[in-house]
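Colleague: Sequence unavailable; structure follows:
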Ligand SMILES: NC(=O)C1=CN([C@@H]2O[C@H](COP(=O)(O)OP(=O)(O)OC[C@H]3O[C@@H](n4cnc5c(N)ncnc54)[C@H](OP(=O)(O)O)[C@@H]3O)[C@@H](O)[C@H]2O)C=CC1
Ligand SMILES: O=C1O[C@H](COP(=O)(O)O)[C@@H](O)[C@H](O)[C@H]1O
């Protein structure tokens, strides 16, 4: 496909701090390649990789080619790969040394928008900002992309955000939550607001409860040191699950502008009923996996993973009941569940509707099964509605059956490739659209709510409940939802 010369896609200098790190190699460089392949990069857009070690341009190109060969799922298109390589440029410096940035100016194109991606530990975001400023590299249209997690509690997130705010205005800051870039998460917004069928049936009059599950098959993936400081609450719930919940629960935004959407999301976060020491046991369950089996293979427990300490109270699984104290959702619980080493990778939102107000078929069915809307986030992306139908036939008694309207993305959009979340997010950032990025007040509101839970867990001093790898988490999570006369989707 040809290079995009559309004036809306401006030329960018995409400055990738931490270009040899895991995230850059696995996600960011492949995403830029895919954007190039799709003709979505301006012909003058370049990728300036920055890292600490001295490396020749040739060696850098070799390292990027290796990353693309390893992490791009399809066979590389050689024409695109050659064009992509010409966009690359390498610069070596320590990110905390202002003197080391002196030569950067010469590399940058004065006509391009500078997009800085900090694929580094958040502890040095401020230092990088300082180096850029000291060297006069921050202009009004310069942007910065920050990776999650922003801090590990409200206080530390404020410190990081304040450091970045010394150098960049909020409109220049793009905080990544890659779930917001997933096709299916964006489709959730379209589903809600482009269909009157759902828009008028989206509140406590019609909906009984909502379940959001993000189950991962993987364990810690060699990241024990990072993960043990974070746990599933900080790694997944504080960001990805609360973002998805906000999109499910928010009121219609005035329009699709970044701040209109973010205003609505933050209102949801502000309405979350606090969970603290007084209600922590009824509303949360935390677990840690022990050795078990996944797809027939034996896998180690959390405490036996590479780099593990002998003891840790870190949770690898969280289940929780979340109540939203506002007009729309009063009395409608949201059940969230996320864990590592679950039987399969499986993420979905299931909206359980209420039973019909009157059962005309009570002679046949004491309880009619309720309608369910399932939004499959990954894999097998799609949307499914469970409903009752009459079984065709001349029988004297009507027979009903639950059936599914199933819109599978792979069947319905056969020729469309499902882009990786990072492709969408990098593109939006280069276009200057912040709608799919998280605003500071959202991050802080999410931390405020999560800190209360984390503090209550710490105060309780109770270890997480064990669950064998390859299971759906501790039995206590089943007990939690059963107490409400409901059951997890399996
Ligand atoms: N990996 C992933 O899938 C995800 C990562 N993230 C976040 O993205 C960020 C990057 O993660 P990841 O790629 O895994 O981390 P890595 O440790 O693999 O990469 C970070 C890179 O930053 C470089 N770096 C750190 N400090 C300096 C410095 N002072 N000067 C120069 N280079 C420096 C490191 O270089 P060196 O090797 O020389 O130290 C390294 O190449 C983190 O904030 C992480 O939490 C978020 C979601 C997923
Ligand atoms: O941010 C993170 O997300 C991944 C899960 O992402 P997905 O797109 O594969 O669902 C998770 O494994 C990782 O621990 C976390 O940091």
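Modeller: Ah, there it is. All of these numbers come straight from a predicted model, not from anything done at the bench. Ligands and ions are numbered 1, 2, ... in the order given.
Colleague: What does the pLDDT read for the residue of the stretch 201-350 of the chain found nearest ligand 1?
Modeller: Across the stretch 201-350 of the chain, no residue is closer to ligand 1 than residue 226, which sits at 6.6 Å (Cβ to the nearest ligand atom). No exception for glycine: its C-beta is placed from N, CA and C like everyone else's. Looking at residue 226, its pLDDT stands at 90.
Colleague: so where does it fall, helix or strand?
Modeller: Element membership of residue 226, judged by DSSP states H and E, is helix 224-232.
Colleague: Show me how far that helix is from its chain's centre.
Modeller: With Cα atoms, centre = their mean, to the nearest Å as the basis, helix 224-232 stands 17 Å off its chain's centre.
Colleague: Centre of the chain to whichever helix or strand comes after it, how far?
Modeller: Per DSSP H and E, helix 224-232 leads on to helix 242-249 as the next helix or strand towards the C-terminus. Taking the mean of its C-alpha atoms, helix 242-249 sits 11 Å from the chain's own mean (Cα atoms, centre = their mean).
Colleague: Over to stretch 88-105?
Modeller: With Cα atoms, centre = their mean as the basis, the mean position of stretch 88-105 lies at 31 Å from the chain mean.
Colleague: measure it end to end?
Modeller: From its first residue to its last, stretch 88-105 covers 16 Å (Cα to Cα, to the nearest Å).
Colleague: That one and ligand 1, any residue contact?
Modeller: Yes: under the criterion of Cβ under 6 Å from any ligand atom, stretch 88-105 makes contact with ligand 1 via 94-96.
Colleague: Surely residue 243 and residue 177 touch.
Modeller: Yes: under the criterion of Cβ atoms under 8 Å, residue 243 lies in contact with residue 177, with a separation of 5.1 Å.
Colleague: The two: which has the busier surroundings?
Modeller: Here residue 243 and residue 177 are compared on neighbour count by other Cβ atoms under 10 Å; more neighbours surround residue 177, at 25 against 21.
Colleague: Relative to residue 235, how far out is that one?
Modeller: Relative to residue 235, residue 177 is positioned 12 Å away (criterion: Cβ to Cβ, to the nearest Å).
Colleague: try residue 450
Modeller: For residue 450, the distance to residue 235 (Cβ to Cβ) stands at 11 Å.
Colleague: who has more neighbours, those two?
Modeller: A direct count of neighbours by other Cβ under 10 Å for residue 450 and residue 235 places residue 235 higher, at 24 against 21.
Colleague: That one - nearest residue in space that isn't next to it in sequence?
Modeller: If you skip the residues right next to it in sequence, residue 235 has residue 227 as its closest partner in space, 6.5 Å away by Cβ to Cβ, 6 or more residues apart in numbering.
Colleague: Residue 44 now?
Modeller: residue 11 (3.6 Å).
Colleague: Next, the contact list for that neighbour, please.
Modeller: Residues near residue 11 by Cβ atoms under 8 Å, 6 or more residues apart in numbering: 42-45, 109, 111-113.
Colleague: Just the buried residues of these.
Modeller: For the contacts of residue 11, burial is judged from neighbour counts taken by 16 or more other Cβ atoms under 10 Å, and it is met by 42, 45, 112-113.
Colleague: Can you tell me which of these is nearest ligand 2?
Modeller: So of those, ranked by how close each gets to ligand 2 (Cβ to the nearest ligand atom), first place is residue 45, at 25.4 Å.
Colleague: Could you measure from the closest one over to ligand 1?
Modeller: Between residue 45 and ligand 1 the computed distance is 22 Å (Cβ to the nearest ligand atom, to the nearest Å).
Colleague: Then residue 395?
Modeller: According to Cβ to the nearest ligand atom, residue 395 and ligand 1 sit 56 Å apart.
Colleague: So what does that residue look like in phi/psi?
Modeller: Dihedral angles phi and psi of residue 395 (degrees, to the nearest 10) take the values phi -50, psi 150.
Colleague: Can you name the residues of the stretch 51-200 of the chain that neighbour ligand 1?
Modeller: Those residues of the stretch 51-200 of the chain that sit near ligand 1, judged by Cβ under 6 Å from any ligand atom, are 51-52, 94-96, 119-122, 124, 147-148.
Colleague: got a markdown table for the residues you listed, with neighbour count and pLDDT too?
Modeller: Conversion of those to a markdown table gives the following (neighbours: other Cβ atoms under 10 Å; pLDDT from 0 to 100):
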| residue | neighbour count | pLDDT |
| --- | --- | --- |
| 51 | 23 | 97 |
| 52 | 13 | 95 |
| 94 | 15 | 97 |
| 95 | 21 | 96 |
| 96 | 14 | 96 |
| 119 | 22 | 97 |
| 120 | 21 | 95 |
| 121 | 12 | 92 |
| 122 | 21 | 93 |
| 124 | 18 | 95 |
| 147 | 19 | 92 |
| 148 | 18 | 90 |
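Colleague: Let's have the residues you listed in JSON lines, adding distance to ligand 2 and secondary structure.
Modeller: Supplementary listing: those in JSON lines, determined by distance: Cβ to the nearest ligand atom, whole Å; DSSP: H, G, I helix; E, B strand; the rest coil:
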{"residue": "51", "distance to ligand 2": "21", "secondary structure": "strand"}
{"residue": "52", "distance to ligand 2": "23", "secondary structure": "coil"}
{"residue": "94", "distance to ligand 2": "26", "secondary structure": "coil"}
{"residue": "95", "distance to ligand 2": "21", "secondary structure": "coil"}
{"residue": "96", "distance to ligand 2": "24", "secondary structure": "coil"}
{"residue": "119", "distance to ligand 2": "13", "secondary structure": "coil"}
{"residue": "120", "distance to ligand 2": "15", "secondary structure": "coil"}
{"residue": "121", "distance to ligand 2": "13", "secondary structure": "coil"}
{"residue": "122", "distance to ligand 2": "13", "secondary structure": "helix"}
{"residue": "124", "distance to ligand 2": "19", "secondary structure": "helix"}
{"residue": "147", "distance to ligand 2": "9", "secondary structure": "coil"}
{"residue": "148", "distance to ligand 2": "6", "secondary structure": "coil"}
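Colleague: does the residue of the stretch 351-490 of the chain found nearest ligand 1 sit in a helix or strand, and which one?
Modeller: Here the stretch 351-490 of the chain gets closest to ligand 1 at one residue, residue 422, 9.8 Å apart by Cβ to the nearest ligand atom. Here residue 422 sits within helix 421-431, counting by DSSP H and E.
Colleague: which residues are contacting that helix?
Modeller: The list of residues contacting helix 421-431 from outside it, by Cβ under 8 Å, 6+ apart, reads 8-10, 12, 14, 27-28, 30-32, 34-35, 38, 40-41, 45, 113, 115, 117, 143, 145, 174, 176, 178-183, 186, 434-437.
Colleague: Narrow those to those that are buried.
Modeller: With neighbours counted by 16+ other Cβ under 10 Å, those contain buried members at 9-10, 12, 14, 27-28, 30-32, 34-35, 40-41, 45, 113, 115, 117, 143, 145, 174, 176, 178-183, 186, 434-437.
Colleague: hmm, back to that, between residue 243 and residue 177, which contacts overlap?
Modeller: Here residue 243 and residue 177 share the contacting residues residue 438, scored by Cβ under 8 Å, 6+ apart.
Colleague: What's the first helix or strand after the lengthiest helix in the chain?
Modeller: Ranked by residue count and defined by DSSP state H, the top helix of the chain is helix 440-460. Heading C-terminal from helix 440-460, the first helix or strand you meet, by DSSP H and E, is strand 465-468.
Colleague: Of all the residues in the following helix or strand past that following strand, which ones are buried?
Modeller: Tracing the chain past strand 465-468, the next element assigned as helix or strand by DSSP H and E is helix 475-482. Of the residues in helix 475-482, 476-477, 480-481 count as buried by neighbour count, 16+ other Cβ under 10 Å.
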